Every structure is written in structure tokens, then in C-alpha cells.
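K.L.:
Using only what follows, build the 3D model:
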Amino acid sequence: RLLEVMQTTIKARHFRISMGIQTFDEARLHTMGRTAFGTPATFREVVEYAHSLGFTASADFLFNLPGQTLDQMRDDVRRAADLGLDHLGLYHLVLFRGLGTPWADDDDLLTELPDNERACEHWLTLRDDLLRMGFVQTTLTNFERARFRDQPERFQYEESAFRPDEFEILGFGPSATSSAATKDFAVGVKTMNPTSSADYMAAVATGKRVWNRVFMYRKHDQKAHWLTRRLAGLDIYRPQYRGLFGTDPCDDFPEEFEAIVSAGLMDVTD
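P.N.:
Next comes the predicted model:
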């Protein structure tokens, strides 16, 4: 009933149900501690109910999990499409020694990760699979059914984050980040709140600043910041970069762009 109440009481551009499914492999879900989130039958019921209300349905998935084969990754993507999802978020697992999570301290899991070259090959295969199944890639990690292209129902909340020279970020809650910059985007600052809920609430109770970590972005940092945000947004407009920084990105980062192009991940034009 809560979804119906939301629909009748909240004025919104569009309503979307989003689920963190991660994978359909029950053994891996057990390893992640996510067995209470439901089964494929549960997820299908959610999608069908969302559609009956006029909502779209979205889910996030992980790939390149420890020991996961390419066939298993492709099976997750196929089953996600068969579920009737309108949008998929497809995320490469970030895991390395020193990350600070239990998995990062498990040598067996770390040794089962693919190397970067194979991980990239897996990504390109999954991307091709989704395109063949009628999805379009809208950002680095987001895919939507082609019928939503340029439609009001499209998934668009991330787009502002890909334009850091136009939008600043204010984060609330434990581990939340905030970022701001000077009007010319030459200097920026990023802060991060305490990680634990107890430390965060204690900081709020002081009535003073809440964040406990800070990074100052100088001009070179701002260049890297802007470029990585635009990579996630799938395009880098060189005249805009030159307008912000007075230089060309390919001149500022020649080795990085050469590596990206040689890997088949980018086309460089004027």
C-alpha cells in the first residue's frame, strides 16, 4: 500500500522502484549476506506490481565477483532482462587489499579476482549482450530499454554529478561527501562525514562542522576530477575543457588517453 500512497500524495516527475539484486546466484548472495532480500520470484513480483502502478523498475548488479565465470555473469544479465526490468545498473566489483572491508582481508577471495585485462573483456561482452537485448547505454554503468531514450521516464538522477563545473554536491549522513569549487573551477574542496553512525550523530550534536576529512583540489586535480566525471557521462567535449582550463585534455594526459584508446574504450575526435 505504501507505493500507492506515495503515488497519490507525492508530486513527482516519475516513480521508479530500484532494487539491489547484485546477482541471482544464491551461493554468492549467501556469501554477501544478502539472502533476506528475496528470490527471483520476489523480484519478478515487484517488477510486475511496479508496472501495474505505472512505475518503472530498476536493479543493480555486480560482475567480476571472486571466482565468477563469464558465463555466470552473462546469465545474470540475461535473467535481469527476462525479469522485465526497465533499467540496469551494472557495476564492476571494486575489491583490493587494504580496502577496509572483510572481503579485502580474505586472501582466497582476492586470488579469485580476474586481472584488469580479463575484467575489461568481461565488461565489453556484457555491454554487447545488453545492447543486443534492446538496451541503450546512458552512462558508464547504466543501461535502459531503448524506448526510454529521451523520454520523461528515463533514469536521470546521476546526470548532474557528471557536470561538476555546473553543480555542487551536499551530502548528509555517515560517510556522505560534499564538494564545491570556485566559480572558475580552478580550485575545489571535497569533504567526507564520519563513517560510523555514532560518530556522525556526535558531530551533528556539537552544532559545528560535521565532516572530519577534507581534500583540496588544485588545478591539476580539478582537471582529473572533471575528466573522470565526464568519462562516466560517456563524452568529453574538448572545447569545454579548453574553456575551463586553457589546455587540451589529450595534451594534459597523453599516456592516459593513449591507454584508454588502445583498450578500445574511447574514440578521440576533434
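K.L.:
tell me the secondary structure for the residue nearest to residue 267 when sequence neighbours are not counted?
P.N.:
With Cβ to Cβ, 6 or more residues apart in numbering as the criterion, residue 267 has its nearest non-adjacent residue at 7.5 Å, and that residue is residue 261. (Each C-beta comes from the backbone N, C-alpha and C, glycine too.) The local conformation at residue 261, judged by DSSP: H, G, I helix; E, B strand; the rest coil, is helix.
K.L.:
Please work out how many residues are found near residue 261.
P.N.:
Using other Cβ atoms under 10 Å, the number of residues around residue 261 comes to 13.
K.L.:
For it, give its distance to residue 270.
P.N.:
14 Å (Cβ to Cβ, to the nearest Å).
K.L.:
Can you show me the helices along the stretch 151-270 of the chain?
P.N.:
Ranges of helices in the stretch 151-270 of the chain, per DSSP state H, counting those that start in this stretch, are 197-205, 219-232, 238-245, 249-252, 254-262.
K.L.:
Can you spell out which helices and strands pack onto the third one?
P.N.:
Counting contacts by 3 or more Cβ pairs under 8 Å, 6 or more residues apart in numbering; DSSP states H and E, helix 238-245 packs against helix 219-232, helix 249-252.
K.L.:
Let's see the pLDDT reported for residue 146.
P.N.:
If you check residue 146, the pLDDT there is 91.
K.L.:
That one reaches residue 136, doesn't it?
P.N.:
Yes. Between residue 146 and residue 136 there is a contact under Cβ atoms under 8 Å: 5.1 Å.
K.L.:
quick one: residue 252 and residue 223 touch, right?
P.N.:
Yes. Between residue 252 and residue 223 there is a contact at 5.8 Å, judged by Cβ under 8 Å.
K.L.:
who has more neighbours, these two?
P.N.:
Between residue 252 and residue 223, counted using other Cβ under 10 Å, residue 223 has the larger neighbour count: 20 against 15.
K.L.:
Which residues are in contact with the more buried one?
P.N.:
241, 245, 249, 252-253 (Cβ atoms under 8 Å, 6 or more residues apart in numbering).
K.L.:
Pick the one among these closest to residue 114.
P.N.:
Of all the contacts of residue 223, residue 114 sits closest to residue 253, with 25.9 Å by Cβ to Cβ.
K.L.:
roughly how far apart are the closest one and residue 241?
P.N.:
Separation of residue 253 from residue 241 (Cβ to Cβ) stands at 11 Å.
K.L.:
Now for those two: what residues contact both?
P.N.:
With Cβ under 8 Å, 6+ apart, residue 253 and residue 241 have common neighbours 223, 227.
K.L.:
neighbour-wise, which of those two wins?
P.N.:
Comparing residue 253 with residue 241 by other Cβ under 10 Å, the one with more neighbours is residue 241, at 20 against 16.
K.L.:
Quick check: the more buried one touching residue 250?
P.N.:
No. Using Cβ under 8 Å, residue 241 makes no contact with residue 250, being 9.5 Å away.
K.L.:
any idea what residue 143 is structurally, helix, strand or coil?
P.N.:
strand.
K.L.:
and it, how many residues sit next to it?
P.N.:
26.
K.L.:
ok, what's across the strand from the closest residue to it other than its chain neighbours?
P.N.:
Excluding the flanking residues, the one nearest residue 143 by Cβ to Cβ, 6+ apart is residue 135, at 4.2 Å. Taking DSSP bridges, one obtains residue 145 as the residues bridged to residue 135.
K.L.:
And residue 135, how far from residue 89?
P.N.:
Taking Cβ to Cβ as the measure, residue 135 falls 12 Å from residue 89.
K.L.:
And residue 194, by the same measure?
P.N.:
Distance, residue 194 to residue 89, using Cβ to Cβ: 27 Å.
K.L.:
do residue 173 as well
P.N.:
20 Å.
K.L.:
So the two - more neighbours on which side?
P.N.:
The residue with more neighbours, out of residue 173 and residue 89, is residue 89; 18 against 11, by other Cβ under 10 Å.
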